[in-house]
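J.: sequence? don't have it. structure:
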Ligand SMILES: *Cc1c(COP(=O)(O)O)cnc(C)c1O
């Protein structure tokens, strides 16, 4: 069945005839004859009916054998990494990462005895030079934030197979509607379900999917580390997921329409969107993705001052970090998500002070473009 149908129907249990699975607001459940600690029915052990339903839906939607939700995207990412890597192990990881992942890998992982090397996502010929006998895994993100670069994802899978590494991908920016990494051979797919999967900017959650063996190992680790998702958030995430395919269609349309609109504006110097033919990995995006998603970034000729004037003239986009909700969000990464980096490091990554990032919501594309047109006219 199509992903759109699976999002609605897979995992739904009709308890007492209720069409919608209720929230099981109970931390513990009557003992049956569980043999294994991890099978005891207890909320932290990720096995309430709300967890079960979500796991089934996510596995079906991503094409995994099993799935697991977590208390946040970072709980999913750090628990997966701490499962795959042990003290002494080495990780190859993409050089442009979500901030939380970057600081976990550079600051926390070394204290747990794990080492890492950064790799350039589009230079696969350089990866083998960074291998060590203790290298265990390779980790990338589907698209980098905020420049939307797409690593050579097929080469990552091939490289992992050749050298016996576990391949992990943070697929938050694509969602399983736009890209399903397990289908091209990735081992573990991770999400900040806070973003597109839930889609309404009203919770934080994470998701992990892959083979039964990987998910089982990560679930045991999550059971101990305790980053479990509360059942009320499970309920909201399950509700949000049912409309993911509909929402992604509009996010894709808005992202592309706004990217094209901005490209035609004389104040705009550069637009970064994998949906534009000018994007360096446009061909890869067309081949692997069903849509470019709602996130894009751009630079104005007038730099920071012009960016500030534009932001203050917009009425629809909300000035806030994050993405994937129904409302359009806008930020200047140098002042928010990437403010912790030195200006030199930002410049090296191509993140100028005037760069603006837009995470399109699901408003009508025409209204978004009209709002930008008015703000440009008033500058
Ligand atoms: C937001 C985000 C995360 C972290 O997710 P939380 O739910 O905030 O913990 C990780 N990766 C990417 C790509 C994100 O956008």
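T.: Received it, and whenever you're ready, just let me know what you need. None of the values given here were measured: they were computed from a predicted structure.
J.: Identify the residues contacting the residue of the stretch 201-350 of the chain found nearest the ligand.
T.: Nearest residue of the stretch 201-350 of the chain to the ligand: residue 204, at 4.5 Å (Cβ to the nearest ligand atom). In short, each C-beta sits where N, CA and C put it, glycine included. For residue 204, the contacting residues are 71-73, 192, 194, 233, by Cβ atoms under 8 Å, 6 or more residues apart in numbering.
J.: Quick one: those as TSV, columns for distance to residue 326 and neighbour count too.
T.: Formatted as TSV, the contacts of residue 204 follow (distance: Cβ to Cβ, whole Å; neighbours: other Cβ atoms under 10 Å):
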residue	distance to residue 326	neighbour count
71	23	21
72	20	19
73	19	24
192	16	29
194	14	26
233	18	23
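J.: Make JSON lines from the residues you listed and add distance to residue 373, secondary structure and pLDDT to it.
T.: Formatted as JSON lines, those follow (distance: Cβ to Cβ, whole Å; DSSP: H, G, I helix; E, B strand; the rest coil; pLDDT from 0 to 100):
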{"residue": "71", "distance to residue 373": "41", "secondary structure": "coil", "pLDDT": "98"}
{"residue": "72", "distance to residue 373": "37", "secondary structure": "coil", "pLDDT": "98"}
{"residue": "73", "distance to residue 373": "34", "secondary structure": "helix", "pLDDT": "98"}
{"residue": "192", "distance to residue 373": "32", "secondary structure": "strand", "pLDDT": "98"}
{"residue": "194", "distance to residue 373": "31", "secondary structure": "coil", "pLDDT": "98"}
{"residue": "233", "distance to residue 373": "38", "secondary structure": "helix", "pLDDT": "98"}
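J.: ok, of those residues, which one's closest to residue 175?
T.: residue 192 (10.5 Å; Cβ to Cβ).
J.: So the nearest residue to that closest one once chain neighbours are set aside versus the ligand, what's the distance?
T.: Counting by Cβ to Cβ, 6 or more residues apart in numbering, the nearest residue to residue 192 once its immediate chain neighbours are dropped is residue 73, at 2.6 Å. Distance of residue 73 to the ligand, given as Cβ to the nearest ligand atom, to the nearest Å: 2 Å.
J.: and what of residue 11?
T.: Shown here: residue 11 relative to the ligand, a distance of 21 Å by Cβ to the nearest ligand atom.
J.: Please enumerate the helices of the stretch 51-200 of the chain.
T.: 73-84, 99-103, 153-163, 175-178 (DSSP state H, counting those that start in this stretch).
J.: Would you point to the one among the ones you listed that's packed deepest?
T.: Using mean count of other Cβ atoms under 10 Å, the stretch among the helices of the stretch 51-200 of the chain with the largest mean neighbour count is helix 175-178, at a mean of 26.
J.: so what secondary structure elements neighbour that helix?
T.: Helices and strands touching helix 175-178, by 3 or more Cβ pairs under 8 Å, 6 or more residues apart in numbering; DSSP states H and E, are helix 244-263.
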